[in-house]
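Colleague: Mind looking at a prediction? Sequence and model below.
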Amino acid sequence: MKRSPFALISTGIILVLALALVGVLVYLKSQPAPQRGIAPLVEIMKNEPDSSKWGLNFPNQYSTLLKTETNNTRTVYGGSEPYSKLESDPRLVILFAGHGFSKDYSEDRGHLNSLTDVRATKRVNAQTPGTCYSCKTANNPQLWEKMGMAEYDKTPFAELGKQISTPIGCANCHEANTMRLIVTNPALEEALEAQGKDWRKFTRQEMRTVVCANCHVEYYFAGEDKYLIFPWENGTNIDQIAAYYAEIGFKDWEYPEAKTPMIKMQHPEYELYTQDSTHYRAGVACADCHMPYTRDGAAKFSTHDVHSPLLNAEAACGACHTDVGYVTTRVATIQKQVYDTMIASEDAIIAAIDAIIAASAVPDVNTKLLDEARNLHREAQLRWDFVAAENSMGFHNPEEALRILAKATDLARQAQLKAIQAAGTTDIIRLSGQ
């Protein structure tokens, strides 16, 4: 059966198109992986610590990052003005007695002040390990790759500092040239692996929160070499973290006179926010509020002038909320409630400390009950501090913050009563000043 000329022509066209498609696919496969955004003007060295070099390719992001050096504005419960928290709340001197935070506890400034501020704090001394630089400099990814985290951590602070020259910058969160958001802190990588998570499989929106966990987390220094660890093996809520510390018998310091083995919490923003908070459930990332999208002419970009969303609520909140005035009023109400509850917890913990110290002075004190009081004191204070050290006055997760503070107050009152029982006399109420 003869095929019509039309059929022959159609077959020929199909063959030509098929060959052309194969050619295009082969060509595309041979090309380097595409990059997001515009082609870079300059090539950036892997782990380049100098953010000004990255700024040649991304001038808007860099110019806004520079603002973090001078964005020293105080909000009602924080901000970036370096005021003394010890002067603002004298109870902290009592709560952290025996620890460096009772000598110097100032509000953190913006990212470009990270290196200056860590070197200026009175908490640094001759025994300070290099681990304290872990969240303070863009030199870190380069140093971790060269030294390994174990060697980095055990190097004395003063000695390691000779290799460090730049504050927090682009290299702490981005892969050079591709600008992909990445985990750079080995401690975060290890903590995620312990939970069976691979950050390389996370979405970009998820990474806009996870990169903040390179620094904004609870952590501790393990062993004589002060190896950096995030205590997430049991999970990331405060009860799981407290159980982890109890299991390994860890303490940051011993409270003087009371002899309580204590834990000092460190800015657990990531942990509190990701505990099923309203905004987290809605898919909102840290960067959506703290680094909202803005425009420079036709260019849309995420501002790198990282600060409280309350300082630019129209951009930070207005992207989702039409009534920004209502939102900021709501924030103020929530934070005031958390603050008042936090102060009540502080008062309860101080009463427990006074009772334990008074009971310790009783000659025939019941040591078993006194040790139980000390453990209750420890568990109360680490929970209170989980909220107090977190930089949102509870707004990142109001329900969880209030739950934690209620538990802290309850444990503190139990500690106070247990100390009274240990002393075997109600006179301890008088002795402890109650």
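Modeller: That came through fine.
Colleague: Which other helices and strands does the host helix or strand of T116 contact?
Modeller: Element membership for T116 (DSSP states H and E) is helix 114-120. Counting contacts by 3 or more Cβ pairs under 8 Å, 6 or more residues apart in numbering; DSSP states H and E, helix 114-120 is packed against no other helix or strand. In this view, the C-beta of every residue, glycine as well, is placed from N, C-alpha and C.
Colleague: The stretch 201-350 of the chain: helices as residue ranges?
Modeller: Applying DSSP state H, counting those that start in this stretch to the stretch 201-350 of the chain gives helices spanning 204-210, 238-248, 269-273, 278-281, 286-290, 313-316, 324-360.
Colleague: List the buried residues for the fourth one?
Modeller: Spelled out, that is helix 278-281. H279, Y280 (16 or more other Cβ atoms under 10 Å).
Colleague: Most tightly packed of the helices of the stretch 201-350 of the chain?
Modeller: helix 269-273 (a mean of 25; mean count of other Cβ atoms under 10 Å).
Colleague: Which strands or helices does it pack on?
Modeller: Judged by 3+ Cβ pairs under 8 Å, 6+ apart, helix 269-273 is in contact with helix 367-388.
Colleague: between the helix it packs on and helix 238-248, how big is the angle?
Modeller: Computed by axes from the mean of the first three to the mean of the last three Cα atoms, to 10 degrees, the angle separating helix 367-388 from helix 238-248 equals 140 degrees.
Colleague: Could you give the average pLDDT over the next helix or strand after helix 367-388?
Modeller: Toward the C-terminus, helix 367-388 is succeeded by helix 398-423 as the next helix or strand (DSSP H and E). When pLDDT is averaged along helix 398-423, the result is 98.
Colleague: Enumerate the positions of helix 398-423 that are buried.
Modeller: Judged by neighbour count using 16+ other Cβ under 10 Å, the buried positions of helix 398-423 are 398, 400-405, 407-409, 411-416, 418-423.
Colleague: how far is that helix from where the chain is centred?
Modeller: 25 Å (Cα atoms, centre = their mean, to the nearest Å).
Colleague: next one: stretch 296-311
Modeller: For stretch 296-311, the distance to the chain centre is 20 Å (Cα atoms, centre = their mean).
Colleague: quick one: contacts of that stretch?
Modeller: The contact list for stretch 296-311, computed with Cβ atoms under 8 Å, 6 or more residues apart in numbering, reads 58, 60-62, 64-65, 67-68, 71, 73, 75, 78-80, 110-111, 287, 289-295, 315-317, 328, 331.
Colleague: what about 6 Å?
Modeller: Residues from elsewhere that reach stretch 296-311, judged by Cβ atoms under 6 Å, 6 or more residues apart in numbering: 60-61, 64-65, 67-68, 71, 73, 75, 79-80, 111, 289-291, 293-294, 316.
Colleague: Enumerate the positions of that stretch that are buried.
Modeller: Going by 16+ other Cβ under 10 Å, stretch 296-311 has these buried residues: F301, S302, T303, H304, D305, V306, H307, S308, P309, L310.
Colleague: pLDDT and distance to C173 added to those residues, as a markdown table?
Modeller: Output for these, formatted as a markdown table (pLDDT from 0 to 100; distance: Cβ to Cβ, whole Å):
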| residue | pLDDT | distance to C173 |
| --- | --- | --- |
| F301 | 96 | 15 |
| S302 | 97 | 11 |
| T303 | 98 | 14 |
| H304 | 98 | 10 |
| D305 | 98 | 15 |
| V306 | 97 | 11 |
| H307 | 96 | 16 |
| S308 | 96 | 19 |
| P309 | 97 | 19 |
| L310 | 96 | 23 |
